[in-house]
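Student: pasting the sequence and the predicted model now:
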Amino acid sequence: MNQESENKKKVVVSGIRSTGNLHLGNYFGALNKFVKLQDEYDCRYFIADLHALTTNPDPTQLHASVKDILAEYVAAGLDPEKNIIYVQSDIPEISELYLLMNMHVGIGELMRTASFKDKARKALGITSDSEEIEKEIIGNQTNNQRVNAGLLTYPTLMAVDILIHHADFVPVGKDQEQHLELTRRFARRFNSFYKTDYFGEPVNFNFGTAGALKVPGLDGSGKMGKSEGNCIYLIDDEKTLRKKVMRAVTDEGPKEPNQTPTQPVENLFTLMELVSEPEVVKHYRDSYADCSIRYGDMKKQLAEDMLKVTLPIRQRILDIKDNDEYLSKMVKNGAERAREHASKTLREVREIMGIRKI
């Protein structure tokens, strides 16, 4: 009963929260891979502005961020003619199916998700790792400090984003794997309760060895991320990018030949392997091994090679952002195409659940 059964191409769905500009981690971790999928798969990419509401963003910033990411998606190579690109809130069927699906989701299983616990602790300033975190969260609610219900039901909305398109594949990182497993669980539960096989169970898209790519930040630890403040953004101008790279964390340098690089230095090598020619990487690896490396020179080279990647994208971003007519037409067309699939799914789910006209 899969609504995509007549479509020869497998369906890929992915979304990104509208909480700031895209960075090199987004580009090398996902966007440049998405570009390679667009001829072989039925790809549907959305800006998750409803998900962004869980952090109560400023309305003006939210709107601007949606526009920014749309421009960045296209500037990075996603073709709106080959892909369905849309804004989540432009598809009202998502919100209704979110309500219906919540009727089959337990509060307990949502409160036990790792991402909810982590975000709730952060929102409330809780440092405990107690097994009874649910009680701590409830007990720490105040008028000025609370965890909203949208954050709790985030996995349900994510499941609906996926299931409303009957997605076959969903490219997610390690931090979202639990949510994808919940999506499969909700699909099985719906099917079991209504004695149907309506929803399939989507799986993570396997990009092979490239899929395991972790783009490090400039702060010497962890991955590149907006909340960590360690990013090179696709929209960064030349001066800003150079300044960020020159301030990247390193160490005092190798003390003996063939020493294993410390994490901050290995991070720079990883970034260099993404943007530089192999012989350039080899030169600096060799100079580290023989203790002759000069981090200042390495950083200047890294910045130069990053700019070769980002400046053409930046220019396209600026051109697209200035073209309101193009953006408006693109999202309108994307919403119409997305709603063709979403409205059919919602109509069939309502019928299955017994929500019918008298």
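Tutor: The structure has been received and is ready for your questions.

Student: same for the host helix or strand of Lys332, what does it pack against?
Tutor: Assigned by DSSP states H and E, Lys332 falls within helix 324-353. On a contact count with 3 or more C-beta pairs under 8 Å, 6 or more residues apart in numbering; DSSP states H and E, helix 324-353 meets strand 42-48, helix 59-75, strand 84-87, helix 92-102, helix 295-321. Bear in mind the C-beta positions are built from the backbone N, C-alpha and C, glycine included.

Student: quick one: which of these is nearest Asn204?
Tutor: Nearest of those to Asn204, taken as C-beta to C-beta: strand 42-48 at 15.2 Å.

Student: what pairs with the closest one, parallel or antiparallel?
Tutor: strand 11-17 (parallel), strand 84-87 (parallel) (DSSP bridges).

Student: and the ones you listed: which comes nearest Asp237?
Tutor: When the strands paired with strand 42-48 are compared by C-beta to C-beta, strand 11-17 sits nearest Asp237, at 22.5 Å.

Student: contacts for the next helix or strand after the closest one, please.
Tutor: As assigned by DSSP H and E, the chain's next helix or strand after strand 11-17 is helix 24-26. The contact list for helix 24-26, computed with C-beta atoms under 8 Å, 6 or more residues apart in numbering, reads 16, 215, 217, 223-225, 231-234, 271, 274, 306, 309-310.

Student: of those, keep whichever come out buried.
Tutor: By neighbour count, with 16 or more other C-beta atoms under 10 Å, these hold 16, 215, 217, 223-225, 231-234, 271, 274, 306, 309-310 as buried.

Student: report the buried residues of the helix holding Lys332.
Tutor: Those would be 326-327, 330-331, 334-335, 337-339, 341-342, 345-346, 349, 352, for helix 324-353 by 16+ other C-beta under 10 Å.

Student: before we move on, what about stretch 189-208?
Tutor: Neighbour counts over stretch 189-208 (16+ other C-beta under 10 Å) mark Phe190, Asn191, Tyr198, Phe199, Gly200, Glu201, Pro202, Asn204, Phe205 as buried.

Student: contacts for the helix or strand that contains Leu241 next, please.
Tutor: Following DSSP H and E, one finds Leu241 within helix 238-246. Applying C-beta under 8 Å, 6+ apart, the external contacts of helix 238-246 come out as Leu218, Ile232, Asp236, Gly296, Lys299, Lys300, Leu302, Ala303, Met306, Leu307, Thr310, Leu311.

Student: can you tell me which of those is nearest Tyr73?
Tutor: Thr310 (15.2 Å).

Student: thinking again about what came up before, how big is the angle separating the helix holding Leu241 from helix 295-321?
Tutor: 140 degrees (axes from the mean of the first three to the mean of the last three C-alpha atoms, to 10 degrees).

Student: hey, which helix or strand in the chain has the poorest pLDDT?
Tutor: Confidence across the helices and strands of the chain bottoms out at helix 133-139, with a mean of 61, counting by mean pLDDT, DSSP states H and E.

Student: next secondary structure after that helix?
Tutor: In N-to-C order, the element after helix 133-139 by DSSP H and E is helix 149-152.

Student: what comes up buried for that next one?
Tutor: So helix 149-152, judged by 16+ other C-beta under 10 Å, has buried residues Gly150, Leu151, Leu152.

Student: quick one: name whatever helix or strand follows it.
Tutor: Downstream of helix 149-152, the first helix or strand assigned by DSSP H and E is helix 154-163.

Student: for the stretch 51-200 of the chain, what are the low-confidence residue spans?
Tutor: Filtered on pLDDT under 70, the stretch 51-200 of the chain yields the residue ranges 126-145.

Student: switch the cut-off to 80
Tutor: 117-147, 173-176 (pLDDT under 80).

Student: for His165, which three-state class applies?
Tutor: Here His165 is recorded as coil under DSSP: H, G, I helix; E, B strand; the rest coil.

Student: from Gln178, how far off is it?
Tutor: In this view, His165 and Gln178 are 20 Å apart by C-beta to C-beta, to the nearest Å.

Student: those two: which has the busier surroundings?
Tutor: It is His165, of His165 and Gln178, that has more neighbours when counted by other C-beta atoms under 10 Å, with 25 against 16.

Student: contacts only, for that one.
Tutor: Glu4, Val11, Val13, Arg44, Ala338, His341, Ala342, Thr345.

Student: now do Ser115 against Gln88, distance only.
Tutor: From Ser115 to Gln88 the distance is 18 Å (C-beta to C-beta).

Student: ok, these two, which is more surrounded?
Tutor: Gln88 (23 against 14).
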